[in-house]
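Enquirer: With the sequence up front, the predicted model follows.
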Amino acid sequence: MNFVTSRYLAFSEPFDDQKGKLKRILFSTRTSATVLIDDSAIQKILDNNYTDFDDELLDLLFSMEIIIPENENEFEEIMIQNNSLLDVNSHLDLTIQPTANCQLGCHYCAQEHSKNNMNNDVYARTLERVTSKLESKKFKNLSVTWYGGEPLNALSQLKKISTEIIELCKINNVEYDGSIITNGLSLKPNIFKDLYLNHNVLHYQITLDGTAEHHDKRRITKKGEHTFNIIFKNIIDIINLDCYQEKVKEPILIRTNIDKTNLNSIKDLVDLFAENDAQGKIQFSFAPIVDWGDKKYGTIDGFTKRDFADIEIDLLLYAHQKGFLIDTSLVPKREFMPCMVVAKDSEVFDAFGNVYPCYEFTYTPAYNEDKHKIGNLLDKNFIPNDLATTRNWYNDIRKEDFANCNKCELLPVCGGGCVKNWYNDETGCPSFKFNISDRLLIDYLNKNQALTI
Ligand code: SF4
Ligand code: SF4
């Protein structure tokens with residue numbers, strides 16, 4: 001059999017291994033495996049020139065799928081693997097938005113809020129839809145993300161439907177866990193305890209856009225009131241709960257939405273959490289502000305994806321230096337789907353009965369048209385629209401319009417990123433597209449406990 005080098009490779013920059021040899025980290029995105037290799041060997045691999053390699057090295061490169069059979073169509077192989085996993089996917093992801101309301105009026109949010117919580121009809125139809133999925137016996141696990149608006153504005157609806165779903169999971173022998181994306185304003189310790197202990201809401205994401213000075217210029221209430229001190233106190237009170245220290249396996253994720261106007265405040269926020277002994281109890285996610293629906297604040301004040309990739313690395317290193325865990329997914333894993341939009345059973349339910357493939361479509365005027373919806377549960381003739389925007393990504397990706405992805409060396413570990421962006425003629429790439437070289441190096445240094453800044 002003849003072999004060639006895979007197209008699905010990425011590298012770190014060369015570095016001195018302190019024994020006088022130049023090395024690089026070579027990353028096979030097909031297997032998500034990394035190997036430390038002589039810099040001189042990289043060019044040979046890229047030239048399909050393996051004559052100097054001994055059998056042991058060849059076996060290793062073959063097992064990592066860095067070299068592959070000559071006649072293999074790699075893109076097709078990846079798509080076959082992805083699609084076959086979708087067919088047998090036993091993990092169901094649902095997003096439930098029990099309210100269209102939110103106290104905050106963040107300028108970059110494209111949602112149109114209204115004081116509507118799920119009414120009895122929508123509640124009943126949503127539960128019916130979840131029931132039919134669970135009774136299909138296709139699923140071993142169900143993960144529900146509670147989202148909004150602000151989901152805690154409809155806490156009683158959330159708890160009621162959560163109780164019913166947990167019971168349904170028990171009856172159908174399905175493992176259940178919940179996540180919540182919340183602005184944190186109402187997340188008092190007693191509510192956290194109730195959600196964690198009684199509703200299996202195990203994963204929490206709360207947004208703080210810097211310290212009070214910057215956060216309170218953007219994440220203010222609709223009446224213009226400041227929110228930082230309340231949210232920060234809630235988080236500190238929660239992470240100091242006995243039950244948090246004893247039971248919580250995944251620290252609260254603090255998301256920061258960053259543009260040119262608040263970047264300088266992000267390290268101060270890390271410092272503030274460090275001063276409050278939050279190391280090990282929270283983790284950070286640094287995200288760029290991007291265009292969303294009709295709101296073009298990513299274009300106005302945001303960074304390019306390439307510039308943000310450098311900013312992200314700088315912030316990750318800073319957080320690490322301050323004693324916070326660096327996200328363990330520095331080196332991306334093999335991904336069989338980019339996100340929930342390609343999983344045919346995964347759906348987003350809003351407070352009006354609308355069903356969408358993507359949670360950034362709800363309450364967002366730019367996505368009001370029916371072509372973006374799977375349907376509406378109040379429609380007596382509800383027939384799911386399998387061609388709702390993004391739903392057919394694994395066919396669309398073959399088109400010339402999406403050549404960025406179908407030709408990308410990172411496809412096996414990405415799947416297309418935030419695919420809704422590609423349909424809007426925007427880039428959907430995650431930051432690792434632009435900083436994978438640094439990530440490989442930091443991950444290597446991290447594992448070898450040699451991280452110096
Ligand atoms: S397409 Fe983007 S916004 Fe929509 S669910 Fe996927 S990652 Fe989220
Ligand atoms: S989203 Fe970007 S990184 Fe991901 S496969 Fe497409 S082009 Fe590559």
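Expert: Happy to help now that I have it. As the structure is a computational prediction, the values presented were derived from the model and not from experiment. Ligands and ions are numbered 1, 2, ... in the order given.
Enquirer: Near ligand 2, which residues of this structure are found?
Expert: Neighbours of ligand 2 within the chain, by C-beta under 6 Å from any ligand atom: 404-405, 408, 410-411, 414, 416-417, 428-429, 433. C-beta here means a position set from N, CA and C on the backbone, and glycine is covered the same way.
Enquirer: Adding neighbour count and secondary structure, write these out as TSV.
Expert: Output for these, formatted as TSV (neighbours: other C-beta atoms under 10 Å; DSSP: H, G, I helix; E, B strand; the rest coil):
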residue	neighbour count	secondary structure
N404	16	helix
C405	24	helix
C408	20	coil
L410	21	coil
L411	25	helix
C414	20	helix
G416	28	coil
G417	24	coil
G428	25	coil
C429	21	coil
K433	20	helix
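Enquirer: which one of those residues is nearest Q321?
Expert: K433 (25.0 Å; C-beta to C-beta).
Enquirer: Isn't V35 up against L60?
Expert: Yes - judged on C-beta atoms under 8 Å, V35 makes contact with L60 at a distance of 6.9 Å.
Enquirer: Are we agreed that V144 is in a helix?
Expert: No - according to DSSP: H, G, I helix; E, B strand; the rest coil, V144 belongs to no helix; its state is strand.
Enquirer: And for it, the neighbour number?
Expert: V144 has 26 neighbours, counted by other C-beta atoms under 10 Å.
Enquirer: how much space is there between it and C102?
Expert: Distance of V144 to C102, computed by C-beta to C-beta, to the nearest Å: 19 Å.
Enquirer: where does the protein dip in pLDDT?
Expert: Applying pLDDT under 70 to the chain flags the ranges 326-328, 448-453.
Enquirer: near ligand 1, which residues of it show up?
Expert: 339-341, 358-360, 390, 418-420.
Enquirer: Most widely separated two among those residues?
Expert: Top of the distance list for the residues of the chain next to ligand 1 (C-beta to C-beta): Y359 and V419, 12.9 Å.
Enquirer: Look at the nearest residue to Q81 once chain neighbours are set aside and give its secondary structure.
Expert: The shortest distance from Q81 to any non-neighbouring residue, by C-beta to C-beta, 6 or more residues apart in numbering, is to F336 (6.8 Å). Three-state call for F336 (three-state DSSP): coil.
Enquirer: Tell me how many other residues crowd F336.
Expert: Counted by other C-beta under 10 Å, the residues lying close to F336 total 17.
Enquirer: need the contact list for it.
Expert: F336 makes contacts with 81-82, 85-86, 415, as judged by C-beta atoms under 8 Å, 6 or more residues apart in numbering.
Enquirer: Repeat the analysis, applying 10 Å as the threshold.
Expert: Each residue near F336 by C-beta atoms under 10 Å, 6 or more residues apart in numbering is listed here: 78, 81-86, 89, 342-343, 412, 415.
Enquirer: Give me the buried entries from those.
Expert: 78, 82, 89, 342-343, 412, 415 (16 or more other C-beta atoms under 10 Å).
Enquirer: Identify the residues contacting the spatially closest residue to Q157 that is not a sequence neighbour.
Expert: Take Q157 and drop its neighbours on the chain: the residue closest to it by C-beta to C-beta, 6+ apart is P98, 4.2 Å away. By C-beta under 10 Å, 6+ apart, P98 lies in contact with 117-118, 122-123, 126, 146-162, 349-351.
Enquirer: Go through those residues and flag which are in strands.
Expert: Those of the contacts of P98 mapping onto strands are 146, 349, per DSSP state E.
Enquirer: Just the buried ones among the contacts of P98, please.
Expert: Neighbour-count burial (16+ other C-beta under 10 Å) is assigned, among the contacts of P98, to 117-118, 122-123, 126, 146-155, 157-159, 161-162, 349-351.
Enquirer: so of those, which ones are in helices?
Expert: Using DSSP state H, the members of the buried ones among the contacts of P98 that fall in helices are 122-123, 126, 155, 157-159, 161-162.
Enquirer: Which residue would be the closest one in the stretch 51-200 of the chain to ligand 2?
Expert: Scanning the stretch 51-200 of the chain for the residue nearest ligand 2 gives I78, at 10.3 Å (criterion: C-beta to the nearest ligand atom).
Enquirer: just how off-centre is the helix or strand hosting that residue within its chain?
Expert: Per DSSP states H and E, I78 falls inside helix 74-87. Counting by C-alpha atoms, centre = their mean, to the nearest Å, helix 74-87 is centred 21 Å from the centre of its parent chain.
Enquirer: Thank you, goodbye.
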